[in-house]
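>>> Okay, predicted coordinates and the sequence, questions at the end:
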Amino acid sequence: MKALVALVLLVQLPIHRAAPAAPPPPVGCDDPETEAAAEFAVNYINDHSHHGYKFALNRIEQVRVLPQGPNNEIIFLELDLLETTCHILSPTPLANCTVRSFTEHAVEGDCDIKLQKVNGQLSILGTKCHSHADSSEDIQRVCPDCPLLASLNDTEVLAAVTAALNDYNSKTPGAYLRLLEIGRARKQFHPVHVVAVEFAVAATNCTAEEAKANLEACQLLPEDQSNFGFCTASIVTSPSQELQADCQLYGHQPGITYPHQGQDTTAGLVPSVAQGFTNHNLRISHNSPVASESSSSEFPSAVLSAKSVAKRAVAEVAQHDKVPRPVGFVPPPPPCPGKIHHFKI
């Protein structure tokens, strides 16, 4: 009988189960781990860009982390970038590159990045980037007389590049330089008419005097001796003609190459339909063929999911704000988007 009573009491005792563990808080765009992943991604983008300028991080718009197993996760990032003054061939570290100001007619880059982090090591699984210049109207509202970006195949731009490089080659006793690409151009009409250009160059195996005698014999230096450089120039066309040009050669950089042989400017440059744009598009698209099936989520769905997470976080903060709080209480900011490092376009 006593055994039966003890059994009944044992059956009636409440069973205390451990409460399920709370889900981890959403990863924030300004978290150190997120910023480290963004820095890794930006360096990858600049290392794999073949035209134009290096880009710097301006803001982390979204982040999404998908656990794949112990010490293994997939990270999706949506990044806003800004163009710097450093050409992609420049050896200047990105940290020392100046971001172009808003009134210099800034260029913004948008990138979706997919990374994998295994045992703390990051690798890139996919990238999709493009870039665009701010609208002329936005610039003129702030600075009516500021020069605006001009098409890279504009006849005045081509004439300015031709005059600048020919003038530099004629006055410099060193290597004869050949044009690689026009990086950007701006035109100003008031109070004077000015065309300002920037362009990348490369040294040839000739001097300027040798080029005059036999231009066809002048070729770019071989890869193990290559010497790239960068030029800036401005031409005032009215009220009087004035040319200023300056070029800097970087010296040989092992491993740095350029995909084209460039062109000579002695006979002038012909407008090309292929260059009918104002800035080089940061057109980078890459998907790793070794990405595992479990990590093969595409960018659109991942970005949408990340935005949904951010919206839920904002809604939760708004809901918490309805609860009476002590005087001086400051609600936590939503995890995304992150802080703006430079300025918003």
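Structure's in. What do you need?

>>> Contacts only, for the nearest residue to residue 158 once chain neighbours are set aside.
Spatial nearest neighbour of residue 158, excluding adjacent residues (Cβ to Cβ, 6 or more residues apart in numbering): residue 269 at 4.1 Å. Bear in mind the C-beta positions are built from the backbone N, C-alpha and C, glycine included. Shown in contact with residue 269 (Cβ atoms under 8 Å, 6 or more residues apart in numbering): 158-159, 161-162, 179, 263.

>>> Now compare those residues and name the two farthest from each other.
Within the contacts of residue 269, 159 and 263 form the most distant pair, 14.9 Å apart (Cβ to Cβ).

>>> Across the sheet, point out what pairs with the residue positioned nearest the centre of the chain.
Residue closest to the mean C-alpha point of the chain, counted by Cα atoms, centre = their mean, is residue 55 at 3.3 Å. Beta-bridge partners for residue 55, by DSSP bridges, are residue 83.

>>> Verify the contact between it and residue 42 for me.
Yes. Contact criterion Cβ atoms under 8 Å: residue 55 and residue 42 qualify, at 6.7 Å.

>>> which residues do the two both contact?
With Cβ under 8 Å, 6+ apart as the test, residue 55 and residue 42 both reach residue 81.

>>> any idea where the strands of the stretch 101-250 of the chain begin and end?
107-118, 121-133, 148-149, 175-188, 193-207, 228-238, 242-251 (DSSP state E, counting those that start in this stretch).

>>> Give me the distance between the fourth one and the centre of its chain.
It refers to strand 175-188. Chain-centre distance of strand 175-188: 21 Å, with Cα atoms, centre = their mean, to the nearest Å.

>>> same check, this time on the shortest one
Computed by Cα atoms, centre = their mean, the chain-centroid distance of strand 148-149 equals 20 Å.

>>> can you pull the contacts of residue 345?
82, 102, 106, 108, 134, 138 are the contacts of residue 345 under Cβ under 8 Å, 6+ apart.

>>> filter those to the buried ones?
Neighbour counting over those (16 or more other Cβ atoms under 10 Å) leaves 82, 102, 106, 108, 134 as the buried ones.

>>> export the residues you listed to JSON lines and tack on pLDDT and distance to residue 50?
Compiled in JSON lines, the buried ones among the contacts of residue 345 are given as follows (pLDDT from 0 to 100; distance: Cβ to Cβ, whole Å):
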{"residue": "82", "pLDDT": "97", "distance to residue 50": "19"}
{"residue": "102", "pLDDT": "91", "distance to residue 50": "27"}
{"residue": "106", "pLDDT": "91", "distance to residue 50": "21"}
{"residue": "108", "pLDDT": "95", "distance to residue 50": "19"}
{"residue": "134", "pLDDT": "89", "distance to residue 50": "23"}
